[in-house]
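Colleague: With the sequence up front, the predicted model follows.
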Amino acid sequence: MPPSENKTTGFSHSRLEARHLLINYDEIALKGGNRRHFESRLLKNIRAAIKDLGGSHLQPRFGRFLLRLSSETPLDKVCERLSRIPGIAVYSPCISTSADLDSVRVAMDSIIDQLLARGEQPENFAVVSRRANKELPFTSTDANATIGAHVQERTGWKVRLKKPQLSLYLFFVNNDCFLALDRLPGLGGLPTGSTGRVACLLSGGIDSPVSSARIMRRGADALFIHFHSYPHTSIASQDKVRDLAERIIPPGRSARLYMVPFADTQNRIITECPSRLRVILYRRYMVRAAEAIARKEDAQALVTGDSLGQVASQTLENLHTIDSIATMPILRPLVGMHKAEIIEDARRMGSFDTSIEPHDDCCSFLMPPKPATRSTPEQLEAAESSLDTEKEVLELVEAASIETIRGRLD
Ligand code: ATP
Ligand code: MG
């Protein structure tokens, strides 16, 4: 279950028997003319993510979404799914009543009853109101004061406006008021599928799952490409990549995974080219084959998990040598990140434990003792001169197997 934004309380939203959720979106709010496009994409993504959880109803309301759960829909599961959908800023499980202060008082009583029944006794609290509907006959300050006084009278809890232990939220939307105990953090960013399509090069390591997830949080739809060296690498290493893809793809969405057998190409590189340039040669072939797949799939860019200077193939010189054969942009979301930050991200998104399982990647297959940290496009062209690059790439793409991977639901 996602943590509450209100770290000081230690309370969990499961204390509230809510059947409504208010969902605030993130950067969509900045999109002006395109706003409808982003909104309808997020709406579709949320619907798809919770479809299997029973008949809930989702609709736009005053620059946010209102989700009404049917009686059998499990709130905790819905919250867990919402916490993994790009584009959501915060969401709040709520109970609803009409937007007049008498009704709000009655609804607040039921929340207090639930809290007291569970033995929750905060030292202090604050009522925090937000009005989407400015036509109401009272201001947010009026609502805070009136409902705050009522809560104090019923419970004896002290009011504290700055950093209260318990925040009681009132969201006034149209003619309704939604009462909530938490504002739970979403992933933020833009809804997946709203900014185009990319091809993510996915190894079994720590970095590429994080780079793929980051680019999907920028709204890109993704397909995945993995190069394996079976039989030199195990079948288990391919399962590991499937597992990682399932964790990266948001719930309710699916993506294609291309499994490209790379061993024959590697063998030719190993026998015919200088060993110092081996890894850069692998990378150039990966880029060429990935571009051919991307074009077939209408993707507009490649995505890798490179981080500047992390390994020999990621020096500026070698990145340049790799990029010199590219015809589409290669996006590197991690290029300026520290390894510790990447690991933190991997832990947060749940890919870390899978990534560190000890399965070989194709690039560790006959790793040269001294990989070059510097190279030039000319050196690489000379090294590739005895290989039929075009034919090799065609064969790689033809030999790829294609799978559909669905985002994990739990
Ligand atoms: P990672 O943890 O993502 O494997 P890394 O730090 O080990 O990254 P490299 O092995 O040099 O770095 O790989 C750099 C990038 O090249 C990877 O992040 C990934 O995008 C791509 N890549 C490497 N190996 C493969 C592979 N077998 N299949 C697909 N992409 C790969
Ligand atoms: Mg790697």
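Modeller: Looks like it arrived, so ask away. Ligands and ions are numbered 1, 2, ... in the order given.
Colleague: all contacts plus neighbour counts: C-alpha atoms, from now on.
Modeller: Fine.
Colleague: Please enumerate the helices of the stretch 151-300 of the chain.
Modeller: Secondary structure of the stretch 151-300 of the chain (DSSP state H, counting those that start in this stretch): helices located at 207-217, 235-248, 263-272, 278-296.
Colleague: Minimum distance to ligand 1: which of the ones you listed has it?
Modeller: Nearest of the helices of the stretch 151-300 of the chain to ligand 1, taken as C-alpha to the nearest ligand atom: helix 207-217 at 3.4 Å.
Colleague: ok, and what's touching that closest one?
Modeller: Outside helix 207-217, the residues within contact range by C-alpha atoms under 8 Å, 6 or more residues apart in numbering are 86-87, 187-192, 200-203, 222, 244-245, 248-249, 303-306, 332-334, 342-343, 345-346, 351.
Colleague: from those residues, which ones fall inside strands?
Modeller: The strands in this structure, assigned by DSSP state E, contain 200, 201, 222, 303 from the contacts of helix 207-217.
Colleague: what two of those are the furthest from one another?
Modeller: Farthest pair in these (C-alpha to C-alpha) is 201 and 222. Separation: 10.1 Å.
Colleague: one step back: with distance to ligand 1 and neighbour count added, can I get the ones in strands among the contacts of helix 207-217 in TSV?
Modeller: Shown next, in TSV, are these (distance: C-alpha to the nearest ligand atom, whole Å; neighbours: other C-alpha atoms under 10 Å):
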residue	distance to ligand 1	neighbour count
200	7	30
201	4	23
222	13	27
303	6	24
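Colleague: Could you save those residues as JSON lines and add columns showing pLDDT?
Modeller: As requested, the ones in strands among the contacts of helix 207-217 are arranged in JSON lines below (pLDDT from 0 to 100):
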{"residue": "200", "pLDDT": "98"}
{"residue": "201", "pLDDT": "98"}
{"residue": "222", "pLDDT": "98"}
{"residue": "303", "pLDDT": "98"}
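Colleague: between those, which is nearest residue 237?
Modeller: For the ones in strands among the contacts of helix 207-217, with residue 237 as the reference and C-alpha to C-alpha as the criterion, the closest is residue 201, at 15.0 Å.
Colleague: So that closest one sits against residue 241, correct?
Modeller: No - Residue 201 lies out of contact with residue 241 (C-alpha atoms under 8 Å); the separation is 10.8 Å.
Colleague: Identify the contacts common to the two.
Modeller: With C-alpha under 8 Å, 6+ apart, residue 201 and residue 241 have common neighbours residue 226.
Colleague: related to what we said a few turns ago, quick one, which of the helices of the stretch 151-300 of the chain is packed in tightest?
Modeller: helix 207-217 (a mean of 26; mean count of other C-alpha atoms under 10 Å).
Colleague: between it and helix 235-248, how many degrees?
Modeller: Taking axes from the mean of the first three to the mean of the last three C-alpha atoms, to 10 degrees, one finds helix 207-217 and helix 235-248 inclined to each other by 30 degrees.
Colleague: Helix 207-217 and ligand 1 in contact?
Modeller: Yes - looking at helix 207-217 against ligand 1 by C-alpha under 6 Å from any ligand atom, the contacts come from 207, 208.
Colleague: Now do that helix, average pLDDT.
Modeller: Mean pLDDT, computed over helix 207-217, is 97.
Colleague: How far off centre is that helix?
Modeller: The chain centre lies 8 Å from the centre of helix 207-217; the measure is C-alpha atoms, centre = their mean, to the nearest Å.
Colleague: Put the alpha carbons of it into CSV.
Modeller: Taking C-alpha atoms only, helix 207-217 is exported to CSV below (Å, rounded to 0.1, in the frame of the first residue of the first chain):
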residue,chain,number,x,y,z
ASP,A,207,19.7,0.5,-15.2
SER,A,208,17.6,-0.2,-18.3
PRO,A,209,14.4,-1.0,-16.4
VAL,A,210,14.7,2.3,-14.6
SER,A,211,15.4,4.2,-17.8
SER,A,212,12.4,2.6,-19.5
ALA,A,213,10.1,3.4,-16.5
ARG,A,214,11.3,7.0,-16.5
ILE,A,215,10.5,7.5,-20.2
MET,A,216,7.1,5.9,-19.7
ARG,A,217,6.5,8.4,-16.9
